[in-house]
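>>> Everything below, folded, please.
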Amino acid sequence: MKKLLTILLLSTFHILFSQVENELAPPFNIKTISFIQNNQNVIPIFQLGSGFQLQFDDLFGNEADYYYEIIHCDYNWIPSEIPKSEYLLGFDNQRIQNYNNSFNTLQIYSHYTLSFPNQFTQQLLISGNYMLKILNDSKEVVFSRKFILYEDLVTVPIQVKRARTVSNLETKQNLEFTVQSSTITFQNPNKNLKVLLFQNGKFNNAIKNVLPQYTIGNDLIYKYDTETQFWAGNEFLYFENKDIRAANNNVSKVDASTEIYNCYLFTNNARANFPYSVFEDVNGNFVVRNLNADNSEIEADYAWVYFSLSAPTYRENKELYINGMFNNYSREPEFKMDYNSKKGIYEKALLIKQGFTNFEYVISDSKGIIDNENAIDGNFYQTENDYSVLVYYRENTDRYYRVIGKGTANSLNIIN
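Numbers count the residues shown, from 1 in each chain. The predicted model follows:
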């Protein structure tokens, strides 16, 4: 009884005093943070055992020393009780040794690449949620990023449908999916199995804690009307400055009279009250590229990109931000737009590495909660979105939630 009481007390203490791991936004000098796999920017959800990289630039360009730390977390992003030796083969808290200085650019920077696996961290051993922290030489956290590792033990077929509620028929998309496995017999799935639903890989609007609606044999069925609905949004906007000296797609003019290039975009109009219009996007992603260089990682330059938005019916009691994968959908003050009362438009200049960049305008309150219902660019069920469903499972004898499978779907062929 004494041992049992001690275990219960320790478990309660851990639950009460463990802190949720939230991503820490980088300082101004750290730019273009991205996870790379197969030479492409990707959403940081990787199959267990696969290789990937974290890359970023330091605009100070002084070859500063940076270190990394890896923390395994549970479903709710609270650090798990698993010893590091059980989820990591090798060591972390090591200096990032792969870095190069920019070449032939007006904006100097040092480009860092952290690969997994590497000579210190040979392997990440278990699936689940992870927080990757980048530290300076004083071992202070400079920024942190979430990533998820999954196993391929279940299949998750998904259908993207129009909203099942009449009031949102034109503005929302609904996911119906099934969790299937021929190797796992689910023990008490209402308690031991959890799912996480993503739209375009955004961690900040993921849907969680949805229980199976019913089961057929060992298949878990999710066919809800409201619990699995997302606001459909609109297609992402974009600009292209792969040739930084010329006015390319959606760039109205380029100013080269200052220390670095200035790219002025055409003024965007709020699209909520306009009919839906089809055009290609990459669902928030971006590509770093300099057309006139061999290695864009260190030869692509930075430019001040001037955004402007005409939204005359916008309510001024909330805040407006520029978002995309290029800034991790951050709502830090750096990305908040300012209202120009003389011009009657919202404006903001951001320092962005050249290439092709998707972005969107979002409304947020002072607590950082996004107002998707009253989105600047509206919500249209026809919008093309990528969806992912992750399945977490913890057997009665397990000490952590494994991510046992992933399903993906696209709304391009949405059905009623």
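
>>> So which residue is dead centre in the chain?
residue 202 (4.4 Å; C-alpha atoms, centre = their mean).

>>> Next, the contact list for that one, please.
284, 329 (C-beta atoms under 8 Å, 6 or more residues apart in numbering). C-beta coordinates here come from the backbone N, C-alpha and C atoms, glycine included.

>>> What of residue 218?
Here residue 218 is in contact with 180-181, 184-186 (C-beta under 8 Å, 6+ apart).

>>> Now residue 376: which helix or strand?
Taking DSSP states H and E as the definition, one finds residue 376 inside no helix or strand.

>>> Then residue 149?
Per DSSP H and E: residue 149 is located in strand 141-150.

>>> What's the mean pLDDT across the next helix or strand after that strand?
Going down the chain from strand 141-150, the next helix or strand is strand 158-162, by DSSP H and E. Averaged across strand 158-162, pLDDT comes to 96.

>>> What lies in contact with strand 158-162?
169, 172-177, 381, 385, 387, 389, 407-411, 413-416.

>>> which parts of it are buried?
158, 160-162 (16 or more other C-beta atoms under 10 Å).

>>> pretty sure residue 384 contacts residue 412?
Yes: between residue 384 and residue 412 there is a contact at 5.1 Å, judged by C-beta atoms under 8 Å.

>>> how many other residues sit next to residue 256?
11 (other C-beta atoms under 10 Å).

>>> So it is in contact with residue 246, correct?
No: taking contacts as C-beta under 8 Å, residue 256 lies outside contact range of residue 246: 10.5 Å.

>>> Report pLDDT for the nearest residue to residue 41 once chain neighbours are set aside.
Distance criterion C-beta to C-beta, 6 or more residues apart in numbering; nearest residue to residue 41, sequence neighbours excluded, is residue 34 at 4.7 Å. Residue 34 is assigned a pLDDT of 97 by the prediction.

>>> Dump the one helix or strand residue 34 maps to to PDB, keeping only the CA atoms.
In the assignment (DSSP H and E), residue 34 maps to strand 30-37. The C-alpha coordinates for strand 30-37 follow below in PDB (Å, rounded to 0.1, in the frame of the first residue of the first chain):
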ATOM      1  CA  ILE A  30      17.000  34.000 -36.800                       C
ATOM      2  CA  LYS A  31      15.200  33.500 -40.100                       C
ATOM      3  CA  THR A  32      13.900  30.900 -42.500                       C
ATOM      4  CA  ILE A  33      13.600  28.000 -40.000                       C
ATOM      5  CA  SER A  34      12.500  24.900 -41.900                       C
ATOM      6  CA  PHE A  35      12.400  21.200 -41.700                       C
ATOM      7  CA  ILE A  36      13.800  19.600 -44.800                       C
ATOM      8  CA  GLN A  37      13.300  16.100 -46.200                       C
END
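
>>> mean confidence for the helix or strand just after it?
Scanning forward in sequence from strand 30-37 by DSSP H and E, the next helix or strand is strand 40-41. For strand 40-41, the mean pLDDT works out to 94.

>>> For strand 40-41, enumerate the helices and strands it packs against.
Judged by 3 or more C-beta pairs under 8 Å, 6 or more residues apart in numbering; DSSP states H and E, the packing partners of strand 40-41 are strand 286-288.

>>> if we can go back for a sec, okay, angle between the strand holding residue 149 and strand 30-37 too, please.
Relative orientation of strand 141-150 and strand 30-37, computed by axes from the mean of the first three to the mean of the last three C-alpha atoms, to 10 degrees: 20 degrees.

>>> Between residue 384 and residue 412, tell me which one has more neighbours.
Taking neighbours as other C-beta under 10 Å, residue 384 and residue 412 compare with residue 384 leading, 19 against 11.

>>> give me every residue that touches the more buried one.
Residues near residue 384 by C-beta under 8 Å, 6+ apart: 235, 281, 283, 410-412.

>>> closest to residue 42 among those?
Within the contacts of residue 384, proximity to residue 42 (C-beta to C-beta) peaks at residue 283, which comes in at 11.7 Å.

>>> you'd agree the closest one is in a strand?
No: under DSSP: H, G, I helix; E, B strand; the rest coil, residue 283 sits outside any strand and is assigned coil.

>>> For residue 384, see how far away it is.
7 Å (C-beta to C-beta, to the nearest Å).

>>> Assumed residue 204 was part of a helix.
Yes: assessed with three-state DSSP, residue 204 lies in a helix.

>>> quick one: contacts for the residue nearest to residue 226 when sequence neighbours are not counted?
Excluding the flanking residues, the one nearest residue 226 by C-beta to C-beta, 6+ apart is residue 165, at 6.1 Å. For residue 165, the contacting residues are 172, 225-226, 229, by C-beta under 8 Å, 6+ apart.

>>> Kindly report the same for residue 25.
143, 328, 330, 332.

>>> Check the gap between it and residue 135 for me.
Look at residue 25 and residue 135: by C-beta to C-beta, they are 15 Å apart.

>>> Residue 146 too?
In terms of C-beta to C-beta, residue 146 sits 16 Å off from residue 135.

>>> next one: residue 144
Applying C-beta to C-beta, the value for residue 144 to residue 135 is 9 Å.

>>> Same check on residue 377?
In terms of C-beta to C-beta, residue 377 sits 38 Å off from residue 135.

>>> Looking at these two, which one has more neighbours?
For the pair residue 377 and residue 135, the greater number of neighbours falls to residue 377 (23 against 19), based on other C-beta under 10 Å.

>>> Which residues does the helix or strand encompassing residue 339 contact?
Using DSSP H and E, residue 339 maps to strand 338-340. Strand 338-340 is contacted from outside by 316, 345-348, using C-beta under 8 Å, 6+ apart.

>>> Same check on stretch 175-194?
75, 153-161, 195, 197, 208-209, 211-212, 215, 218-224, 228-230, 387, 389, 391-396, 401, 404-405, 407, 409.

>>> pull the CA atoms of that stretch into CSV?
Taking C-alpha atoms only, stretch 175-194 is exported to CSV below (Å, rounded to 0.1, in the frame of the first residue of the first chain):
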residue,chain,number,x,y,z
LEU,A,175,-13.3,14.7,-42.2
GLU,A,176,-14.7,11.2,-42.1
PHE,A,177,-12.1,8.5,-41.4
THR,A,178,-11.5,5.0,-40.1
VAL,A,179,-8.6,3.6,-38.0
GLN,A,180,-7.9,0.0,-39.2
SER,A,181,-5.2,-2.4,-38.1
SER,A,182,-4.5,-6.1,-38.7
THR,A,183,-1.7,-6.3,-36.1
ILE,A,184,-3.1,-4.4,-33.1
THR,A,185,-6.2,-5.4,-31.1
PHE,A,186,-7.2,-2.1,-29.5
GLN,A,187,-7.5,-2.2,-25.8
ASN,A,188,-10.2,0.2,-24.5
PRO,A,189,-9.9,2.6,-27.5
ASN,A,190,-12.1,5.3,-25.8
LYS,A,191,-9.4,5.7,-23.2
ASN,A,192,-6.2,4.4,-24.8
LEU,A,193,-6.5,5.8,-28.4
LYS,A,194,-6.4,9.4,-29.4
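
>>> Thank you kindly, that will do.
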